[in-house]
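Colleague: quick one: sequence plus predicted model below, questions after.
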Amino acid sequence: MKKWLLLLLALALPLTGAAAQENTVVALPTVAPLQQVEASTDADYSSAPLEEYYNANFYMDQEDYQTPRMTAEEKQRTAELLVAYQAGERPAENVLNKPEDVVVGVYTLNPEDYEGETLYTLLPVDPLTDEQILEVIDAFARCGQTFDPEALSYRNCARGGGSGTTRLHPDEELERMDMLRDLYIRQGFESETPFTPLVSDDGMGLVTLDEDAYCGMDSFWFFPYRPTTDDELLGFVIYTETGDPTEYGNYAAYEKQLRLELARLLGAPLVMTRDGEDMCRMGDCNMSYGDEKAYYAYFSTPDGGSVSGYLDIDTGKVLTARTYKKPSLLYSDLHVDPNEEKWLEIAKQAVAEARQDGMAITAAESFGEVWISMVGYGVLVDVTMADGSYYEVKIACQNETVYGGLAYCSHAPDLEKMYSDMVSDND
Amino acid sequence: MKRLICVLLLGLLILPSASAGAMGEYTLSPFAFDTEAMLTLAFGDQAADAQLNDRDYPFYDLPNSSGAPFCGQNDTMGFQQMKLTVYTALVSTEQYEPFIPENIEPSGVAKCALTPQQALADAEAWLAELGVTDYALQSVTAYGRVSKLPGGYLLAFGQTLDGVPVYWAASTHPEETYSPAAAAQPNRIKVVVGDNGLILITGWWNAFTPTKQDAAVISEEEAIAAFADMGEDAASAELCYLLAGTQDAPVALPAYRSQNRFISAEDGAVLQ
């Protein structure tokens, strides 16, 4: 589910420029979420941005590409199977509103939610079998309709991999999701009408997919072709939230401690906007760690940078953290000797300036030349502190300054664990 | 220890760049590495068995082989560059891993019998066999910090022209480019070597044909002044060649460099 959300967010990003709008957020009541839709922005809630996205990225691999159509050969067989259906042939399975493990599915829609569309069809990436085509024909017939493959479009069909949703999220919807998630986790807000997977009851829905049939996608989300209400969106947020509800009441304290630690370790400013948070088992995020239970949050700083960190909630100490701000550098073809002493001095100075508690630096070591995406080459230096923690510092060759920011780890990497699957000739 | 090794090694090869002679302007073409040497380095005593693979550039492997050893010279990637690839059989039998940062030996000394000095001597001998003569040592990196991985050295050599380094202009590496064919690659050769011998050689190289010779160049002091006029506070300026132009017709222009800014070495005009 998380994978799906990330994909959805990523897909929304390329369209933000094209669908520039005023970020109007619908105000929440103080006691219960609204049910009525507030005046919308000029954001596009139709399937058109999704279609535009795929049309502009026609070169994508098949597994990333959604194609809401049948092949000519399948259309030909559909015509034959329609005749067979009328003669009494029936599929073994009814796929109308099939909720789980979907290979082929047809879903009833409220036309007012979907610009007049009444049925939505999900088709697998592989060539359709006669039985699967018959299933589609049968589902349409159960709704009193005759299936027409020529009518398939992004408005009423998805096929294959890529985006597992009926439409993309405009910026304002993404921002409301963030705000609503915050209200749910930090304030305990609940939706008046909880999310239900069936799309026909309220315009929003979810089905789980046979991953093999949909290029690894495990679910498909129905979002109406209209602005969602705050309550609908809150229901969605609650349904998709994967955090531990018993920890939500502690998030504020965790965040405060993380901010204090980020200031101490990286010189992070107090004024930062929290952009996201979650909890995890640290070993799942970084192979050098184990079962530490960690609170994770990332922030944006007033100067356009970002800061993030994982806080061990049992010790109150940061496990890993980093700052980042993209410098505006051109590509450079310059290569240097990464073993020169000056790189160590630059790295040590950067750490000393960032560190607010005056902890002593015990070592600085060069780990050679590193590629810095789009900028050219740099030198990677590890700066070790008196408590065994260390900082990774990348220095751009071209201007001999720290590139991006600092990365902090509370202990040295466990190389044997990280490369445990490597086998040497001596083994 | 590491500092001493590097100073000694670099001192051997950097000296030529300090005494640049006449400069000129050049067009670029793919450098032709010595094919026989390439085959011998890749396949050793099996060189005679090497066969041309079905590609649009010379690429050799062994019959019924699906991996290393193999080698090739690819001139189809643009910017008139030749991409050299020499993978020996050791690539298949050793987990050499010199490109993982965690596997770098910060001490500069790899856990193997081979010394950095011998690694350099070996690498230079192989370059000579391949017909590569105009270069400067850029770095020697020891690897094998992960206990399960074998140790060795990665040596990087940058191409020189008229005794000075060459740099591709930023314009030949567009920001939104993800296809290697659309971006010029650094003119450098990387040699990876361990106790069992050569592991691999990879790199990109050009040949240069003069279109203008004996060009008079401004002094470093004048270059520093020109950089100052651009707002660049340069303590020194490096004489070099800037490789610019198009993917089909790149050229080498005499230049001075300060960080990532370049001016013409002839008249101080801003190049980048």
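Modeller: Good, I have the coordinates. This is a predicted model, so every value here is computed, not measured. Residues are numbered from 1 along each chain as shown, chains lettered A, B, ... in the order given.

Colleague: host element of A:Glu135?
Modeller: In this assignment (DSSP states H and E), A:Glu135 forms part of helix A:130-142.

Colleague: and that helix, what does it pack onto?
Modeller: helix A:72-86, strand A:105-108, strand A:119-123 (3 or more CB pairs under 8 Å, 6 or more residues apart in numbering or on different chains; DSSP states H and E). For the C-beta atoms, the positions are set from N, CA and C on the backbone; glycine is no exception.

Colleague: reformat these as a markdown table; add distance to B:Tyr256 and mean neighbour count.
Modeller: What follows is the helices and strands packed on helix A:130-142, written out as a markdown table (distance: least, CB to CB, whole Å; neighbours: other CB atoms under 10 Å in any protein chain shown):
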| stretch | distance to B:Tyr256 | mean neighbour count |
| --- | --- | --- |
| helix A:72-86 | 63 | 15 |
| strand A:105-108 | 67 | 24 |
| strand A:119-123 | 62 | 23 |
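
Colleague: next up, the contacts around the residue nearest to A:Ser389 when sequence neighbours are not counted.
Modeller: Counting by CB to CB, 6 or more residues apart in numbering or on different chains, A:Ser389 lies nearest to A:Ser410, which is 5.0 Å off, once chain neighbours are set aside. A:Ser410 makes contacts with A:Asp312, A:Lys317, A:Val318, A:Leu319, A:Thr320, A:Gly388, A:Ser389, as judged by CB atoms under 8 Å, 6 or more residues apart in numbering or on different chains.

Colleague: can you tell me how far A:Arg274 is from A:Asp171?
Modeller: 18 Å (CB to CB, to the nearest Å).

Colleague: of the two, who's got more company?
Modeller: A:Asp171 (18 against 15; other CB atoms under 10 Å in any protein chain shown).

Colleague: and A:Ala92, which of the three is it?
Modeller: Under DSSP: H, G, I helix; E, B strand; the rest coil, A:Ala92 falls in the coil class.

Colleague: let me redo that: B:Phe79
Modeller: Per three-state DSSP, B:Phe79 ends up coil.

Colleague: let me see the contact set for the residue in the stretch 251-400 of chain A positioned nearest to chain B.
Modeller: The nearest approach of the stretch 251-400 of chain A to chain B comes at A:Glu365, 3.5 Å away (CB to the nearest CB). The contact partners of A:Glu365, by CB under 8 Å, 6+ apart, come to A:Leu344, A:Val381, A:Asp382, A:Thr384, B:Pro106.

Colleague: now the longest helix anywhere in chain B: how far from the chain's centre is it?
Modeller: In chain B, taking DSSP state H as the definition, the longest helix is helix B:116-130. Distance of helix B:116-130 from the chain centroid (CA atoms, centre = their mean, to the nearest Å) equals 14 Å.

Colleague: which positions within it qualify as buried?
Modeller: Of all the residues in helix B:116-130, those buried under the rule 16 or more other CB atoms under 10 Å in any protein chain shown are B:Pro116, B:Ala119, B:Leu120, B:Asp122, B:Ala123, B:Glu124, B:Trp126, B:Leu127, B:Leu130.

Colleague: which pair of those spans the longest distance?
Modeller: B:Pro116 and B:Leu130 (21.0 Å; CB to CB).

Colleague: B:Glu222: what's it in contact with?
Modeller: B:Gly268.

Colleague: torsion angles phi and psi at it?
Modeller: phi -70, psi -40 (degrees, to the nearest 10).

Colleague: strands of the stretch 151-300 of chain A, start to end?
Modeller: A:157-159, A:205-208, A:219-222, A:273-281, A:293-300 (DSSP state E, counting those that start in this stretch).

Colleague: can you list contacts of the fourth one?
Modeller: With CB under 8 Å, 6+ apart as the contact definition, strand A:273-281 has outside contacts at A:178, A:185, A:242-244, A:247, A:251, A:255, A:291-300, A:306, A:310, A:313.

Colleague: report the angle between that strand and strand A:293-300.
Modeller: 160 degrees (axes from the mean of the first three to the mean of the last three CA atoms, to 10 degrees).

Colleague: what residues does the stretch 301-427 of chain A put near chain B?
Modeller: A:329-341, A:365-370, A:374, A:376-377, A:380, A:382, A:398-400, A:413, A:415-416, A:418-419, A:422-427 (CB under 8 Å from any CB of the partner chain).

Colleague: quick revisit: ok, the contacts of A:Ser410 vs B:Ala142, which is closest?
Modeller: A:Gly388 (23.6 Å).

Colleague: what number of residues are in the vicinity of the residue of the stretch 101-250 of chain A found nearest chain B?
Modeller: Evaluated by CB to the nearest CB, the stretch 101-250 of chain A has A:Gly162 as its residue closest to chain B, separated by 19.3 Å. For A:Gly162, the count of nearby residues is 25 (other CB under 10 Å).

Colleague: quick one, phi/psi of it?
Modeller: phi 90, psi -120.

Colleague: so what's it scoring on pLDDT?
Modeller: Per-residue pLDDT puts A:Gly162 at 84.

Colleague: one more: B:Gly11?
Modeller: 45.

Colleague: repeat for A:Arg142
Modeller: Residue-level pLDDT assigned to A:Arg142 equals 98.

Colleague: quick check: chain neighbours aside, which residue is closest to it?
Modeller: Nearest one to A:Arg142, counting by CB to CB, 6+ apart, is A:Leu96 at 5.2 Å.

Colleague: thinking again about what came up before, farthest pair in the contacts of A:Glu365?
Modeller: Taking CB to CB, no two of the contacts of A:Glu365 sit farther apart than A:Leu344 and A:Thr384, at 11.3 Å.

Colleague: more neighbours, the two?
Modeller: With neighbours defined as other CB under 10 Å, A:Leu344 and A:Thr384 compare such that A:Leu344 has more, 21 against 16.
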